[in-house]
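**Q** Starting from these lines, generate the structure:
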Amino acid sequence: MKLLAPVLILACVSLAQDYRGRVQGIVTDPSNAAITRATVTLLNNNTRAATVRITDESGHYLFDFVEPGAYTLTTDGAGFGRFVQENVQVLVRSDLTVNVTLKVGDVNQTITIADSAVEIQFNTTTLSQTVDGTMLKELPVLARNPFTLALLDPAVVNRYSDVNKRNPFYQLSTTGVDVGGQTSGRNEVQIDGSPIGVGSRGSYAPPMDAVQEFTVQQNSVDAESGFSAGGVLNVGMKAGTNQYHGSLYYFGRNPSLNAVSNVFSRAPNMVRNHVEGGTIGGPILKNRLFTFFTYEKWNNRQPYTKVMTLPTDLERDGDFSKTLTKAGAQRVIFDPWTTQTNAATNAVTRAPFAGNRIPASRMDPTSRLFLNDIWRPNGPGDDSTGVNNFRTAYPWYINYWNISNRTDWNLTPKWKVFGRYSVIRTVLDNPNYGSSPATTSDNGGLMDALNAAFDSVYTLSARTVINFRMGVVYSEDEYDSQWAKLGEAGLAKYWPNNPWYKPYTADMPAVYYPNLNVGGATFGKSSWWSYRPRKYSYQGSLGHERGRHYMKLGMAFRHAYEYSQRRTWARSHSRQI
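**A** Okay, here's the model as predicted:
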């Protein structure tokens, strides 16, 4: 499947662009008259990067494409004292108004406001909710997936089947919510304004400690966000600053002293959780070049239980003389070769096997080979029938690591770029709990993702800004259990000199034990899957301020395709008895 999606955007708006914010306002004197040609400087408190604007004839100024963070706004006008507004917090996609009143005085006189004493308000009509850095530190987040923070919005409905499906390596974990309607799988998901979704799936979710802010938009989204049938979920990643900073963390769980948690097998608690990671950021060149790196690793173990009904030693040899019904009577085994049909009464009769035993000559040799691979009961069962006579507990492993690096470069006061490279690697599997080639690996999944983005903002003039962004998404979701692979050579054991299966297995990436069903108990693997989507996105825009209006012209091009395979095959061997 291939998708080519060019989109042309032309709009006159007063909304914030992509994931960045906007700061604007009017500079006046005490009589409320506009001050023209006043100098307004917006200083990033972390990187010390400063941007300067000159107010127009109406006293208006505008800073566009402002990276989320804390800023200081300084205003100077001829014949007026300096005004400094500290702690201007620019959030993801925020649109702030900071109106300034300058008092007549010496230019060396400075009025500093440390809190939000001036007018600060949102100008956008977009209905959205932002989770800032403070909330990110204080809120507990199940599965450590920042995209699930969308559930804090009252308009968002949970569509995750269970908590495990929120894990960051599950590709549907970023899109498993409804935003303002039935939109699960159809929401736009972004990191730093770059799309990370392919089809109904996402790809990469960053560690929580690498997230600066998160926002979810419900409606009235910008024209450039027209790729979504629902909402827009955007994660803003942390960036490096002029100060070295970082974190180290470890979360562990080892309930070895807990009470028995498995009521079936009475086995010790198998839960083991080890989550560790860290971040580090700082300057490469002060005020110019910054980097931020994050790493997280999981080594977790979850308990699973298998309950089945398996043939006894006598039944394996065809002896059903001890096989009973629930009432305690013998379960009679009839010979299918003695079937008689009475046409007059439309009745069918069969004769039972002598002694309720199936002769060895009547048992299929291939079925005997399969039967030798099937485990024996490890208990008496629940009643006289021997139902549920096999119970075992085994661990299910989650081995996952996640790295991401973002580098920001202020090439000139007018030109800023950043690049980000992020990778996830995940192996989900369980051990061979049956010590048999017939053991099924419950998942055996590989979930990998690579996500990269490049962004450039160039200020052509005080009224015109050019932005170019590109991104790439590589994702893989496959069944690939190394220990459970049997191969064609393994199949030859069961059908010697009869390779009937070769036309079916020729194009398979791996051959597993054939799927068997014995009295409701399943063995082997009936199917596998391979899902490898790819996506390339390019987006350019030109923003121009004209008076009280803001015009934006842009184009977005997305090229997505996937390689998907799903094969199901099974061989049925049975004797009707």
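**Q** longest strand of this protein?
**A** Using DSSP state E, we find that the single longest strand of the chain is strand 390-412.
**Q** Run me through the strand neighbours of whichever helix or strand comes after that strand, direction for each.
**A** Where DSSP states H and E defines the elements, the next helix or strand beyond strand 390-412 is strand 415-429. Sheet pairing of strand 415-429 (DSSP bridges) gives strand 390-412 (antiparallel), strand 445-461 (antiparallel).
**Q** So which bits of the first one are buried?
**A** Applying a neighbour-count criterion of 16 or more other C-beta atoms under 10 Å, one finds 390-398, 400-410 buried in strand 390-412. Quick note: C-beta positions are derived from backbone N, CA and C, even for glycine.
**Q** Poorly predicted segments of the chain, please.
**A** Applying pLDDT under 70 to the chain flags the ranges 1-18, 106-108, 115-128, 219-226, 260-267, 566-577.
**Q** can you list the domains in it?
**A** 17-123, 129-307+393-568, 310-388 (automatic domain parsing).
**Q** In TSV, list the strands paired with strand 415-429 along with distance to V189.
**A** Output for the strands paired with strand 415-429, formatted as TSV (distance: least, C-beta to C-beta, whole Å):
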stretch	distance to V189
strand 390-412	16
strand 445-461	11
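**Q** quick revisit: what's the spacing between the longest strand of the chain and its chain's center?
**A** Relative to the mean C-alpha coordinate of its chain, strand 390-412 is positioned 11 Å out (C-alpha atoms, centre = their mean, to the nearest Å).
**Q** Repeat that for stretch 270-279.
**A** For stretch 270-279, the distance to the chain centre is 18 Å (C-alpha atoms, centre = their mean).
**Q** quick one: the strands in the stretch 251-400 of the chain?
**A** Using DSSP state E, counting those that start in this stretch, the strands of the stretch 251-400 of the chain run over 273-285, 289-308, 340-342, 347-349, 390-412.
**Q** which residues of the protein fall in helices?
**A** 133-138, 313-316, 365-373, 487-492, 502-505 (DSSP state H).
**Q** and N467, which of those helices is closest to it?
**A** Closest to N467 of those is helix 133-138 (C-beta to C-beta; 24.0 Å).
**Q** Now that closest one: buried residues?
**A** For helix 133-138, by 16+ other C-beta under 10 Å, it's 133, 136.
**Q** and if you look at stretch 335-345?
**A** D335.
**Q** A150 is nearest to which of the strands paired with strand 415-429?
**A** strand 445-461 (18.8 Å).
**Q** Please state the offset of that closest one from the chain centre?
**A** That offset, for strand 445-461, works out to 16 Å (C-alpha atoms, centre = their mean).
**Q** Tell me if I'm right that L460 and I466 touch.
**A** Yes - at 5.7 Å, L460 and I466 qualify as touching, with contact defined as C-beta atoms under 8 Å.
**Q** Same drill for the two, tell me which one is more crowded.
**A** More neighbours surround I466 than the other of L460 and I466, with 17 against 13 (other C-beta atoms under 10 Å).
**Q** who's in contact with that one?
**A** Contact analysis of I466 by C-beta atoms under 8 Å, 6 or more residues apart in numbering lists 457-460, 540-543.
**Q** what's the closest non-adjacent residue to it?
**A** Of all residues not flanking I466 in the chain, Y458 sits nearest, at 4.6 Å (C-beta to C-beta, 6 or more residues apart in numbering).
**Q** can you check H274 too?
**A** That would be N299: by C-beta to C-beta, 6+ apart, it lies 4.4 Å from H274.
**Q** Now do that neighbour against T291, distance only.
**A** N299 is 27 Å from T291, where distance means C-beta to C-beta, to the nearest Å.
**Q** Among those two, which residue is more densely surrounded?
**A** Set N299 next to T291 and count neighbours by other C-beta under 10 Å: T291 wins out with 18 against 15.
**Q** Can you name the residues bridging to the more buried one?
**A** Note on T291: beta-bridge partners by DSSP bridges are G282, T407.
**Q** Name the residues that touch stretch 300-313?
**A** 261-262, 264-265, 267, 269-275, 322-323, 371, 374-377, 381, 386-398, 430, 433, 442, 518-521.
**Q** do that again at 7 Å, thanks
**A** Contacts with stretch 300-313, where a contact means C-beta atoms under 7 Å, 6 or more residues apart in numbering, come from 261-262, 264-265, 269-274, 374-377, 386-398, 430, 442, 518-521.
**Q** Buried by neighbour count, from these: which ones?
**A** Buried among these (16+ other C-beta under 10 Å): 262, 265, 269-272, 374-375, 377, 386, 388-398, 430, 518, 521.
**Q** tally of neighbours for the closest residue to I113 other than its chain neighbours?
**A** Counting by C-beta to C-beta, 6+ apart, Q85 is the residue found nearest to I113 once chain neighbours are left out, at 5.1 Å. Number of residues near Q85 (other C-beta under 10 Å) recorded here: 24.
**Q** what bridges to Q539?
**A** R469, A556.
**Q** List the contacts of it.
**A** Per C-beta under 7 Å, 6+ apart, neighbours of Q539: 469, 554, 556.
**Q** For the stretch 451-577 of the chain, just list every one of the strands.
**A** Under DSSP E, counting those that start in this stretch, the stretch 451-577 of the chain gives strands at 464-479, 516-518, 521-523, 527-546, 549-568.
**Q** possible to save these as JSON lines with distance to S361?
**A** What follows is these, written out as JSON lines (distance: least, C-beta to C-beta, whole Å):
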{"stretch": "strand 464-479", "distance to S361": "39"}
{"stretch": "strand 516-518", "distance to S361": "21"}
{"stretch": "strand 521-523", "distance to S361": "25"}
{"stretch": "strand 527-546", "distance to S361": "35"}
{"stretch": "strand 549-568", "distance to S361": "34"}
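**Q** Quick one, which of these gets closest to N497.
**A** Checked against C-beta to C-beta, the stretch from the strands of the stretch 451-577 of the chain lying closest is strand 516-518, at 21.7 Å.
**Q** Check the spacing between the residue lying closest to K286 once chain neighbours are set aside and I280 real quick.
**A** Closest residue to K286 apart from its sequence neighbours, by C-beta to C-beta, 6+ apart: N242 at 5.5 Å. As judged by C-beta to C-beta, N242 and I280 stand 14 Å apart.
**Q** Kindly report the same for H60.
**A** 41 Å.
**Q** Comparing the two, which shows the higher neighbour count?
**A** Set H60 next to I280 and count neighbours by other C-beta under 10 Å: H60 wins out with 19 against 15.
**Q** quick one: contacts for Y160?
**A** For Y160, the contact set (C-beta under 7 Å, 6+ apart) comprises 166, 176.
**Q** if we go to 10 Å?
**A** Shown in contact with Y160 (C-beta atoms under 10 Å, 6 or more residues apart in numbering): 142-143, 145, 148, 151, 166-167, 170, 172-173, 176-177, 184.
**Q** how close does it sit to V177?
**A** According to C-beta to C-beta, Y160 and V177 sit 8 Å apart.
**Q** again with M555
**A** 29 Å.
**Q** Between these two, tell me which one has more neighbours.
**A** Taking neighbours as other C-beta under 10 Å, M555 and V177 compare with V177 leading, 25 against 15.
**Q** what's the distance between stretch 350-359 and the middle of its chain?
**A** 57 Å.
**Q** Stretch 401-413 too?
**A** Distance, centroid of stretch 401-413 to centroid of chain: 22 Å (C-alpha atoms, centre = their mean).
**Q** And for stretch 283-296?
**A** 25 Å.
**Q** buried stuff in it?
**A** Buried residues in stretch 283-296, counted by 16+ other C-beta under 10 Å: 283, 288, 290-296.
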